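> What would the 3D arrangement of this be:
(one chain, ligands or ions: 1)
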Amino acid sequence: MLSPPAHWQPEAPLELLHLDWLNRSGIEVAILRLDQIDPLISGNKWFKLTEHLKAADLAGAKGIISLGGAHSNHLHALAAAGERFGFPTVGLLRGHPQDTPTLQDLQAFGMALHWLGYGGYRARHAPGFWQPWRSRYPDLQPVPEGGGGLPGAIGCMQLKAMVNEQLSGLGWRDYDGWWLACGTGTTLAGLVLAEAGEHPVHGALAVPDDHGVAQQVQCIVQEAGLVDTVYELLDASRGGFAKVDPLLLEFIERTERASGIPLEPLYTGKALLALKQQVDAGKFPRGTRLIFIHTGGLQGRRGFNPQR
Ligand SMILES: *Cc1c(COP(=O)(O)O)cnc(C)c1O
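Next up is the predicted model:
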């Protein structure tokens, strides 16, 4: 079995964020701590994996083969799940052999690793790419990079229920929308599917506009046959994926000190800074209640040296 045992139901705590700029504008934000679902398995990548694991089970696969970079949160969650639930995992890596904290974890979790170089990795969407890997690992099911696509989005739909169960604990009866970082937009698409127009979903893009996130979200929504959608995508990339600047780093440091919540600069830090800028600009009326998703990624920041 690739799926976790039924009793393993990861719960992300939902906590009120206390920050001066929120108090000032009368906006309440509750943060869904996907970074806290498990000591080993962290973040939105777990939820993106769940449907892929179920499908692999149904197909009779014994394990999973997937792809990512040397700091990949996706491979990290996959390898941790393999270790935790006892199934083999293989990771195909972008670029040439290097040593990062992420890679050390992947190896410790028992993931078999293959380096594809850059050209080899770029060919991952080419027809026939998987064929040699399927011959080499006939018992393993391939999962796309990042655990994306409709199955990835469906796995993220459960986040709405997870929030609903915890609203009364905050003294909230309802909320006015979601705010989260987007890379491929799969997690956002899952929320858009779960909401079916009930609450808006605001996506803060960690990648520049030209990465086709809007098209990918549209694709998933159409494939799911959903008609009612309310969402928007805002550029929060600050000049490019993984680009950081002094203002961002200072914001993260200040926010971590004030809230006690660790952030990382690629996704959650940028998404929260974009929220602050929108709040300061008066985007939301006083009394607005938002759910901010902490999508995890803290493992990846260990090996990340900011390029200012
Ligand atoms: C992958 C990732 C995201 C982006 O998720 P998508 O579903 O690709 O939009 C956001 N935050 C963190 C920490 C991630 O690892």
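
> for the residue in the stretch 201-308 of the chain that the ligand sits nearest to, what are its contacts?
For the stretch 201-308 of the chain, the residue closest to the ligand is residue 297, as judged by C-beta to the nearest ligand atom, at 2.6 Å. Bear in mind the C-beta positions are built from the backbone N, C-alpha and C, glycine included. Residues in contact with residue 297 (C-beta atoms under 8 Å, 6 or more residues apart in numbering) are 35, 42-43, 73, 264, 266-268.

> what does the stretch 51-200 of the chain have sitting close to the ligand?
73, 146, 181-188 (C-beta under 6 Å from any ligand atom).

> among those, which are in strands?
Residues of these located in strands (DSSP state E): 181-182.

> Of the residues of the stretch 51-200 of the chain next to the ligand, grab the buried ones for ChimeraX.
Buried members of those, defined by 16 or more other C-beta atoms under 10 Å, are picked up in ChimeraX with:
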select :73,146,181,182,183,184,185,186,187,188
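
> Mind listing residues that contact stretch 275-290?
21-22, 25-30, 172, 174-179, 202, 204, 234, 251, 292.

> all helices of the stretch 201-308 of the chain, in order?
Using DSSP state H, counting those that start in this stretch, the helices of the stretch 201-308 of the chain run over 213-223, 246-259, 268-280.

> buried set for the longest one?
Read that as helix 246-259. By neighbour count with 16+ other C-beta under 10 Å, helix 246-259 contains the buried residues 248, 251-252, 255, 259.

> ok, residue 176 - contacts?
With C-beta under 8 Å, 6+ apart, residue 176 has these contacts: 199-200, 284, 288-290.

> again, 7 Å this time
By C-beta atoms under 7 Å, 6 or more residues apart in numbering, the contact set of residue 176 is 199, 288-290.

> likewise residue 89?
Counting by C-beta under 7 Å, 6+ apart, residue 89 makes contact with 63-64, 78-79, 82, 111.

> what residue is smack in the middle of the chain?
When C-alpha atoms, centre = their mean is applied to the chain, the residue found nearest the centroid is residue 44 (3.7 Å).

> Do you know the pLDDT at the nearest residue to that residue once chain neighbours are set aside?
With C-beta to C-beta, 6 or more residues apart in numbering as the criterion, residue 44 has its nearest non-adjacent residue at 4.3 Å, and that residue is residue 295. Looking at residue 295, its pLDDT is 98.
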